[in-house]
Structures are given as structure tokens and as C-alpha cells.
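Colleague: Sharing a model that was predicted from the sequence below.
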Amino acid sequence: MNVFDFAMQMEVDGKKLYEKLAAGSNDAGLRKIFLLLAADEQKHFEIFQALQQGTQPTMQDTTALEESRLIFREAMANKDEILKTIDVDLEGYRYAMKLEADSARLYEDAAKRESQQEIKELLLRVAGEEQKHFNILENIYDFFNAPNQYLAWREFSNLEEFHQFGRDVDR
């Protein structure tokens with residue numbers, strides 16, 4: 001199996017995972033985020049397919065991060081209601097985060113070994129998008145995992161560590 005076959009299989013697996021997470025979500029915003037991520041994975045697949053066929057693909061930047069920010073703003077306004085109504089698969093989110101981190105590293109490593117500047121830049125752009133996907137998933141995970149986080153009575157010196165869990169509203 002060559003690098004392009006491996007990359008295309010990773011993108012197919014990522015797309016399937018996001019489609020599964022979207023189908024399992026009963027929140028429209030979360031479903032939209034997962035479908036955006038699935039569409040990005042399809043776009044990455046097509047890029048690697050074109051590279052394998054020897055053509056120079058073009059790549060448009062993802063809008064998933066910007067659209068996710070808007071969805072998260074709305075979610076934060078209804079946080080308590082969302083946390084009550086959504087059945088969350090934290091393990092699935094962790095697995096998706098691992099896939100995105102592994103993908104980003106793979107593409108960064110491939111870019112280091114690539115001699116053609118255009119392909120190197122394309123691989124780095126895809127790696128950057130995978131990192132954005134990781135950030136989106138990390139935010140989703142942190143949002144839904146926040147109720148599981150607490151401080152023991154002697155840990156109040158660590159309050160600054162918990163700003164990412166939606167408790168710091170003065171940002």
C-alpha cells in the first residue's frame with residue numbers, strides 16, 4: 001500500500017466516523033459540525049486521489065472552524081439545556097481526536113520528505129485542516145466533559161486550569 005492509498009483510506013474512515021457521529025446526534029448544531037467535518041474529509045480524499053493520478057489538485061480552505069464557532073456560541077447560550085438533552089459519546093470524540101492528530105502528523109511527515117514544493121505546501125495545508133478538526137473536536141469534548149470535571153477542596157489553587165470548561169464567562 002502506498003502513501004496515497006493509506007491517506008485516502010484514513011480520509012474515508014474519518015468521513016464514515018463523522019457521518020456516524022452526525023447520525024447519532026440529536027442536536028442540529030452538533031450534527032452540522034460533524035457533517036462539515038465529513039465533507040472536509042471527502043475533500044481531502046479527492047485531493048489525494050488526484051495526487052495519486054498525477055494531476056495537480058486545487059484546495060479550498062475549510063470553513064468548518066468558523067462555522068463551528070458560531071454553533072458553539074449558540075450552544076453556550078443554551079448550555080444547560082443541551083447538556084440535559086444530548087446523549088454524548090465521549091469515547092467516540094476521543095477516538096476522532098486521535099485520528100485527526102495522527103492524520104496531521106502523517107501529512108506533516110510526508111511534507112518533510114516531499115521534494116516538490118507544490119505538493120509539500122498542499123500536504124501542509126491538509127495537515128493544518130486536520131489540526132483545525134482536532135481543535136473543533138477538542139472543544140466539543142471539553143464542552144460535554146465539563147460536568148465531569150471538579151475540584152477537590154484542596155485544589156482551589158488550580159482554578160486557572162478550568163477556564164476551558166465553560167466556567168470562565170468573562171473572556
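Modeller: Structure received. Numbering: from 1, shown residues only.
Colleague: give me every residue that touches residue 13.
Modeller: Contacts for residue 13 (Cβ atoms under 8 Å, 6 or more residues apart in numbering) come out as residue 99. All C-beta atoms are positioned from the backbone trio N, CA, C, and that covers glycine.
Colleague: Helix or strand: which one has it?
Modeller: Secondary structure assignment for residue 13, by DSSP states H and E: helix 3-23.
Colleague: what do you get for residue 47?
Modeller: Residue-wise, residue 47 maps onto helix 28-52 under DSSP H and E.
Colleague: Give me the distance from stretch 93-108 to the chain's centre.
Modeller: Mean-position distance between stretch 93-108 and its chain equals 8 Å (Cα atoms, centre = their mean, to the nearest Å).
Colleague: On the three-state scheme, the closest residue to residue 10 other than its chain neighbours is what?
Modeller: In space, and not counting its chain neighbours, residue 10 is closest to residue 103: 5.7 Å by Cβ to Cβ, 6 or more residues apart in numbering. Under DSSP: H, G, I helix; E, B strand; the rest coil, residue 103 falls in the helix class.
Colleague: list the contacts for residue 103?
Modeller: Applying Cβ under 8 Å, 6+ apart to residue 103 gives the contacts 10, 11, 14, 127, 130.
Colleague: From residue 62, how far off is the closest residue to the fourth one other than its chain neighbours?
Modeller: If I follow you right, that is residue 127. Closest residue in space to residue 127, ignoring its immediate chain neighbours: residue 107 at 3.8 Å, by Cβ to Cβ, 6+ apart. Distance, residue 107 to residue 62, by Cβ to Cβ, to the nearest Å: 14 Å.
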